[in-house]
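**Q** Got a predicted model here, sequence first, then my questions.
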Amino acid sequence: MIAKNRSLKTKVGIALCFVLLSGCFLLNANAVANLWSVATGRGYLIPEESSMTRFRVTQMNRGSGEYWLYAEDENNYYTMMEKSGTKPYLSFSKEKAANCLHFDKFEVKTWCN
């Protein structure tokens with residue numbers, strides 16, 4: 001009887017590990033990092049033009065605030081160094097960036113109009 005219980009516990013443990021690992025592969029690293037930062041950080045946000053899974057921070061604030069300074073996804077660059085209307089960040093399309101002379105994704109002053 002004890003051997004059967006151990007066998008069942010082992011099978012359940014293996015199944016649980018499989019489910020957890022599968023879930024990790026379904027969620028990419030950006031999504032996990034973003035979920036954590038939104039849940040625990042002050043001032044951390046995901047731009048409305050992006051999504052939890054596509055948004056990738058490229059430079060975090062080095063001070064006490066837990067917000068990003070520069071980020072990107074497959075379509076846009078983002079910065080919190082400038083505001084755009086009512087949004088606390090500025091977005092700039094990668095298509096436009098390709099036409100900017102001396103463009104630097106880490107320096108908003110080089111983001112041409």
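**A** On my side now, so go ahead.
**Q** what about the closest residue to Leu101 other than its chain neighbours, helix or strand, and which?
**A** Counting by Cβ to Cβ, 6 or more residues apart in numbering, Leu101 lies nearest to Cys112, which is 7.2 Å off, once chain neighbours are set aside. For every residue, glycine as well, the C-beta is placed using N, CA and C. Cys112 belongs to no helix or strand when assigned by DSSP states H and E.
**Q** I'd assumed Ala98 was in contact with Cys112.
**A** No. If you go by Cβ atoms under 8 Å, Cys112 and Ala98 don't touch, sitting 10.8 Å apart.
**Q** In terms of packing, which of the two has more residues around it?
**A** Cys112 (12 against 8; other Cβ atoms under 10 Å).
**Q** quick one: the more buried one and Val38, what's the gap?
**A** Relative to Val38, Cys112 is positioned 31 Å away (Cβ to Cβ, to the nearest Å).
**Q** Please apply the same query to Pro88.
**A** According to Cβ to Cβ, Pro88 and Val38 sit 14 Å apart.
**Q** And Glu82, what's its pLDDT?
**A** Glu82 carries a pLDDT score of 89 in this model.
**Q** same deal with Gly65?
**A** 77.
**Q** for Gly23, same thing?
**A** The model reports Gly23 with a pLDDT of 59.
**Q** same question, the one 10 residues further on
**A** Confidence at Ala33, expressed as pLDDT, is 88.
**Q** Tell me how many other residues crowd it.
**A** 14.
**Q** Find the nearest non-adjacent residue to it, please.
**A** Leaving aside its chain neighbours, Ala33 sits nearest to Val57 (7.4 Å; criterion: Cβ to Cβ, 6+ apart).
**Q** so which strand or helix has the one you found?
**A** In the assignment (DSSP H and E), Val57 maps to strand 56-60.
**Q** Pretty sure the residue nearest to Ala33 sits against Val38.
**A** No. Val57 lies out of contact with Val38 (Cβ under 8 Å); the separation is 11.6 Å.
**Q** Comparing these two, which shows the higher neighbour count?
**A** Val57 (17 against 12).
**Q** so what's the more buried one up against?
**A** By Cβ atoms under 8 Å, 6 or more residues apart in numbering, the residues touching Val57 are Ala33, Ser37, Trp68, Tyr70, Ala71.
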